[in-house]
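Novice: Would you be able to build a 3D model of this:
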Amino acid sequence: MSPRALTGLAILASAVLALGGCAVEQDESAQGGDELRLGWLLPQTGPISSLGAPQIAALELAAQDINGAGGANGMQVSFSGGDEAGDPAVAGQAVDRLLAEGVPAIIGAGSSSISLSVVDKITGAQVVQCSGMNTAPELSDYPDDGYYFRTVPPDTLQGAVLARQMADDGAKRVAIIARSDSYATGIADATAAALEANNIELLARVDYDPNAQNLDAEVRTVAAARPDAIVMFSFDEGAKILQGLIQNGAGPATTKLYGTDAMPIASLAESVDPANPAVLQGMTFTQASSGEGTPFTERLLGTNPELETTAFTPYFYDCAVLIALATEKAGSADPTVFAKEIVGLTNGDTECTTYEQCKGLLGEGKSIAYAGAAGALNFSDVGEPTTGLYDILVMQPDGTTKTAKTVREPQQ
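Specialist: You can find the predicted model right below:
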């Protein structure tokens, strides 16, 4: 996707935060009457802040579609937001505020580590939590009493996609460098297991402190292993790691490099070398499919042309739609009631793809299988997808990426 102005992201995030701030000042309950006010906890600042504004825009689009179809159980959907900030303390304060407002559901966080820091607080209050970005495997069997859901598949699936792509590219000897947090540890573990299944040797794995001022030693260790491929699990600090790999002779000119959708892909080449947009040419990324070129992304970008990326946006959109559909099906905005409907809405007899269509089928008494912006979800009993679509992106000479292919995992 072509890079767009970062200033637009900041403007959109500020505008939506201002709207959220207005909602916070209201005294009425967030559920009941003619309004269903939902909360969101998303990254407006911190290491993955580049992803926050697009996710917020996706939620606003979902509200537009839900309200345009008559709302959820007769209520118009609105949002009150909080910044996760890459900081458990800041995120916790935002959650406290949202819970005090009485929201029946909180969409987010973006970071798996942040979600793990607040999930007990949210689900312990018997409030639904739904993330469109949490991929840490440890959330699969987390004791959440049936209140935590995610629309994005766990990293056990993406790890398999990464390893298979490396095998297809001819990689034989691989090194992994990963930040020490729930997200990176989980996907690194999954990838390491999948490498073995694809007969690829793991030469070295280096886990690093994301708050460290200097990662030179870790980079040298990876480069010294002389792998033919290196896979990185990083956030925005990945640019410094890439600079170090290039300086140590392990850049894309000599070594196959791989990354994931947690990195700021659209601005990565410029961050590594502002004078050379081709510095990462050939680097390959996997991402939970953003549906580039689909009607959803065309609508999202049509109303928000300043967005630099659509990463994870379909999954956050689907969180909002599922919550609205569950409220409609249950005839209640009480999360202790509608939470029980969410899994079933993805596994029914009749597939539907829009909120309006699904709501109509529910009104006819039909059993539905919502397959929305992110495609089929088919939730397991623990409230997460059992299948997923992944884009394989390749960095181009101008610093943008091109989608080489989209694959489904598990393979069908």
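
Novice: CA atoms for contacts and neighbours, from now on please.
Specialist: Noted.

Novice: Am I right that S271 is in a helix?
Specialist: Yes - counting by DSSP: H, G, I helix; E, B strand; the rest coil, S271 falls inside a helix.

Novice: so what's it up against?
Specialist: When contacts are counted by C-alpha atoms under 8 Å, 6 or more residues apart in numbering, S271 is found next to A239.

Novice: Over to L195?
Specialist: Contacts here follow C-alpha under 8 Å, 6+ apart; on that basis L195 touches 160, 163-164, 201-202.

Novice: buried residues in the helix or strand where it lies?
Specialist: In the assignment (DSSP states H and E), L195 maps to helix 182-197. Of the residues in helix 182-197, those buried by neighbour count under the rule 16 or more other C-alpha atoms under 10 Å are 182-195.

Novice: Name the next helix or strand following that helix along the chain.
Specialist: By DSSP H and E, the next helix or strand past helix 182-197 is strand 201-208.

Novice: Now do whichever helix or strand comes after that next one against strand 201-208, angle only.
Specialist: Helices and strands here follow DSSP H and E; after strand 201-208, the next one along the chain is helix 216-224. Helix 216-224 and strand 201-208 are oriented at 170 degrees to each other (axes from the mean of the first three to the mean of the last three C-alpha atoms, to 10 degrees).

Novice: now the contacts of L195 as a markdown table including distance to P295 and pLDDT?
Specialist: As requested, the contacts of L195 are arranged in a markdown table below (distance: C-alpha to C-alpha, whole Å; pLDDT from 0 to 100):
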| residue | distance to P295 | pLDDT |
| --- | --- | --- |
| A160 | 28 | 96 |
| A163 | 30 | 98 |
| R164 | 29 | 97 |
| E201 | 41 | 98 |
| L202 | 40 | 98 |
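
Novice: Most neighbours out of those, which is it?
Specialist: Using other C-alpha atoms under 10 Å as the contact criterion, the top neighbour count among these goes to A163, which has 25 neighbours.

Novice: Secondary structure element holding that one?
Specialist: When elements are assigned from DSSP H and E, A163 belongs to helix 155-168.

Novice: How many residues are close by I48?
Specialist: Residue neighbour count, defined by other C-alpha under 10 Å, stands at 20 for I48.

Novice: hang on, it packs against I265?
Specialist: No - here I48 does not reach I265: they are 11.0 Å apart, not a contact under C-alpha atoms under 8 Å.

Novice: quick check: mean pLDDT across stretch 45-53?
Specialist: For stretch 45-53, mean pLDDT is 95.

Novice: quick one on the thing from earlier: closest one to F312 out of the buried residues of helix 182-197, please.
Specialist: F312 lies nearest to Y183 out of the buried residues of helix 182-197, by C-alpha to C-alpha, at 14.9 Å.

Novice: quick one: that closest one from G159, how far?
Specialist: Applying C-alpha to C-alpha, to the nearest Å, the value for Y183 to G159 is 12 Å.

Novice: thinking again about what came up before, note down every partner strand of the helix or strand just after the helix holding A163 and its orientation.
Specialist: Taking DSSP H and E as the definition, the helix or strand that follows helix 155-168 towards the C-terminus is strand 173-179. Neighbouring strands of strand 173-179 in its sheet, by DSSP bridges, are strand 201-208 (parallel), strand 229-233 (parallel).

Novice: nearest to A105, of these?
Specialist: With C-alpha to C-alpha as the criterion, A105 lies closest to strand 229-233 of these, at 29.8 Å.

Novice: Give me the angle between that closest one and helix 155-168.
Specialist: When the same axes, to 10 degrees is applied, the directions of strand 229-233 and helix 155-168 differ by 160 degrees.

Novice: what about dumping the CA coordinates of strand 229-233 to PDB?
Specialist: The C-alpha trace of strand 229-233 is given here as PDB (Å, rounded to 0.1, in the frame of the first residue of the first chain):
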ATOM      1  CA  ALA A 229      17.400 -16.000   6.600                       C
ATOM      2  CA  ILE A 230      16.500 -13.900   9.600                       C
ATOM      3  CA  VAL A 231      13.000 -13.400  11.000                       C
ATOM      4  CA  MET A 232      12.300 -10.400  13.200                       C
ATOM      5  CA  PHE A 233       9.500 -10.000  15.800                       C
END
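
Novice: got the buried residues for the helix holding A163?
Specialist: Of the residues in helix 155-168, those with enough neighbours to count as buried (16+ other C-alpha under 10 Å) are 155-166.

Novice: Which strands or helices does that helix pack on?
Specialist: Contacts of helix 155-168 with other secondary structure elements, assessed using 3 or more C-alpha pairs under 8 Å, 6 or more residues apart in numbering; DSSP states H and E, are made with helix 182-197, strand 284-288, strand 388-395, strand 401-409.

Novice: what does that helix rub up against?
Specialist: Looking at helix 155-168 with C-alpha under 8 Å, 6+ apart, the contacting residues turn out to be 135-137, 186-188, 190-192, 194-195, 198, 200, 229, 286-288, 387-388, 390, 409-410.

Novice: can you give me the helices in this structure?
Specialist: Along the chain, the stretches classed as helices by DSSP state H are 6-24, 52-68, 88-101, 112-124, 155-168, 182-197, 216-224, 238-247, 265-272, 295-303, 313-330, 335-338, 355-363.
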